[in-house]
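Participant: Dropping a prediction and its sequence here:
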Amino acid sequence: MLLQALYQWQLAGHELVELRNQFAAQPGYDGIDCEYFSEQLECILEGAAGFDESIAAAADRPVVQLDPVEHAVLWIGLAELTERSDVPPKVAINEAVELAKEFGASDSHRYINAILDSVARSRA
């Protein structure tokens, strides 16, 4: 659901409160970790520019050329890598790779893995 909210934010530019309310009204919202969703959504929306700088430093193309799904997956992975000390780096990277495999273009998971691995190594 977080991936969907970030995708929508990129395309429509909705505010944080609007996104929270919209997704809270969706079926299945009560089955997710609502606190995590809210915290991560806020973290990513507020830190998107900084996350994009990290992506740009590790990527082989400009951030504006990223597919919105892959961009959102990278934000999720970076937020977990940099802002969530309770999430081990390998877990954050693996979760992002799995999201990319499920929702991204074919082989996008390799690109996601390379960027997040580079960021993780630079932080170690």
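Facilitator: Yep, it's here. Residues are numbered from 1 along each chain as shown.

Participant: Where do the helices of the chain begin and end?
Facilitator: Across the chain, reading from the start of the chain, the helices by DSSP state H fall at 2-12, 16-24, 34-58, 68-83, 89-103, 108-123.

Participant: just the angle between the last one and helix 34-58, please?
Facilitator: By that I understand helix 108-123. Taking axes from the mean of the first three to the mean of the last three CA atoms, to 10 degrees, one finds that helix 108-123 is oriented at 80 degrees with respect to helix 34-58.

Participant: From here on, call the first residue 19.
Facilitator: Got it, first residue is 19 now, which makes that one helix 126-141.

Participant: avg pLDDT for helix 126-141?
Facilitator: Confidence over helix 126-141 (mean pLDDT, whole number) is 95.

Participant: Closest to the centroid, which residue in the chain?
Facilitator: When CA atoms, centre = their mean is applied to the chain, the residue found nearest the centroid is I94 (2.1 Å).

Participant: Can you tell me which of the helices of the chain is most buried?
Facilitator: Per-residue neighbour counts averaged over each of the helices of the chain give the maximum for helix 86-101, namely a mean of 23 (mean count of other CB atoms under 10 Å). C-beta: built from backbone N, CA, C; applies to glycine.

Participant: centre of the chain versus that helix, how much separation?
Facilitator: In terms of CA atoms, centre = their mean, to the nearest Å, the centre of helix 86-101 is found 3 Å from the chain centre.

Participant: just checking, what packs against it?
Facilitator: helix 20-30, helix 52-76, helix 107-121, helix 126-141 (3 or more CB pairs under 8 Å, 6 or more residues apart in numbering; DSSP states H and E).
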